[in-house]
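Asker: I'd like to go over a predicted model; first the sequence, then the structure.
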Amino acid sequence: MIENAVRDGELAISAISFWEIALLIAKGRMRRPHSVRELRQLLLGLGMTELPVTGEIAISAGELENLHGDPADRFIAATALAYDATLMTADERLLRWRNSLRRQNAGV
């Protein structure tokens, strides 16, 4: 799925994901060989598109029903919905969330 998306120029990441990665690194819960800035440049250089968080997405993130309160997950889900994208995640809470959002389990 990822290879097809890269080939077709359709692989994207929510801008808020970089915020989440930075927080995880700062908390010592994630280690990367690159800084978050370097990781971002690497991914964008490989052709990944960065999806901005707009005011409309921020409002939608606050209005999502039955989704837990993690702000990053709410923004990521709202971004995927706004761009009609398939969300690739290993987060069990997002995978179990009852919503029409298309999801792909990244842990498989």
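Answerer: Great, that's in hand. No experiment lies behind these values; they were computed from the predicted model shown.

Asker: May I ask you to confirm that Glu50 is in contact with Ile16?
Answerer: No: look at Glu50 against Ile16 with Cβ atoms under 8 Å: they stay out of range, at 10.2 Å. Every residue, glycine included, has its C-beta placed from N, CA and C.

Asker: These two: who's more crowded?
Answerer: Ile16 (22 against 13; other Cβ atoms under 10 Å).

Asker: And the more buried one, which helix or strand is it part of?
Answerer: For Ile16, the host element (DSSP states H and E) is helix 15-26.

Asker: Which positions within the very next helix or strand once past that helix qualify as buried?
Answerer: Sequence-wise, the next helix or strand beyond helix 15-26 is helix 36-45, with elements assigned using DSSP H and E. Residues Val36, Leu39, Arg40, Leu43 are the ones in helix 36-45 that count as buried (16 or more other Cβ atoms under 10 Å).

Asker: Check which helices and strands helix 36-45 sits against.
Answerer: Packing contacts for helix 36-45, counted by 3 or more Cβ pairs under 8 Å, 6 or more residues apart in numbering; DSSP states H and E, involve helix 15-26.

Asker: and the angle for the helix it packs on with helix 36-45?
Answerer: 140 degrees (axes from the mean of the first three to the mean of the last three Cα atoms, to 10 degrees).

Asker: Please consider this matter closed, and thank you.
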